[in-house]
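Colleague: following is a predicted model, sequence given first.
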Amino acid sequence: MIEIPDSLRSVFSAQLEERGGSYVVDIPASEIEHDTLAANETYRVAILASELSTDQKTHQEQQQSTTQDTAPTSDGPPVNEGEVRDVTIETTGDQGDGIAKVERGYVVIVPGGQPGDEPTVEIEQVQDNVAFASIAERNSRAL
């Protein structure tokens with residue numbers, strides 16, 4: 001289990017890109033908009049390798065494009081109450097709940113989820129910066 005320090009400010013997925021001889025990780029605008037991070041400040045950054053296979057990425061992209069038709073605009077949370085979707089549990093929180101990220105780095109808390117699990121979840125409660133979901137179906141590929 002990954003220990004999450006109290007000083008953790010943000011967790012999101014991003015692609016490492018080469019730009020003009022340097023390597024860059026783009027910070028989602030929502031991290032600034034929600035006052036999680038501030039421009040011109042210095043932060044420590046941890047980089048964790050993604051374990052998604054090409055097939056999983058394709059499935060995840062298809063799932064995201066399917067759910068984008070029903071998701072609210074970028075002004076609000078990218079999920080709706082009652083929505084069912086596939087997620088990947090990235091880590092666990094202080095109370096042992098699974099933590100998944102969806103569009104724009106939005107956090108979905110999944111009780112009973114463990115890192116590496118890929119459950120189908122139902123979104124039960126949506127707040128501005130986090131949603132709570134229950135596992136509707138566990139994926140047989142989960143560890």
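Modeller: Okay, I see it.

Colleague: grab the nearest non-local neighbour of the residue positioned nearest the centre of the chain.
Modeller: What sits nearest the mean C-alpha location of the chain, by Cα atoms, centre = their mean, is K101, with 0.9 Å. Across the structure, with Cβ to Cβ, 6 or more residues apart in numbering as the measure, the residue nearest K101 apart from its sequence neighbours is S13 (5.6 Å). Every C-beta, even on glycine, is put in place using the N, C-alpha and C of the backbone.

Colleague: SS state for the one you found?
Modeller: Counting by DSSP: H, G, I helix; E, B strand; the rest coil, the backbone at S13 sits in coil.

Colleague: name the helix or strand of the protein that has the lowest mean pLDDT.
Modeller: The weakest-scoring helix or strand in the chain, judged by mean pLDDT, DSSP states H and E, is helix 54-68 (a mean of 53).

Colleague: does anything pack onto whichever helix or strand comes after it? Which helices or strands?
Modeller: Toward the C-terminal end, the helix or strand that comes next after helix 54-68 (DSSP states H and E) is strand 84-86. Contacts defined by 3 or more Cβ pairs under 8 Å, 6 or more residues apart in numbering; DSSP states H and E place strand 84-86 against helix 54-68, strand 120-126.

Colleague: and the residue lying closest to T120 once chain neighbours are set aside, backbone torsions?
Modeller: Leaving aside its chain neighbours, T120 sits nearest to E137 (4.2 Å; criterion: Cβ to Cβ, 6+ apart). When quoted as degrees, to the nearest 10, the phi and psi of E137 stand at phi -160, psi 130.
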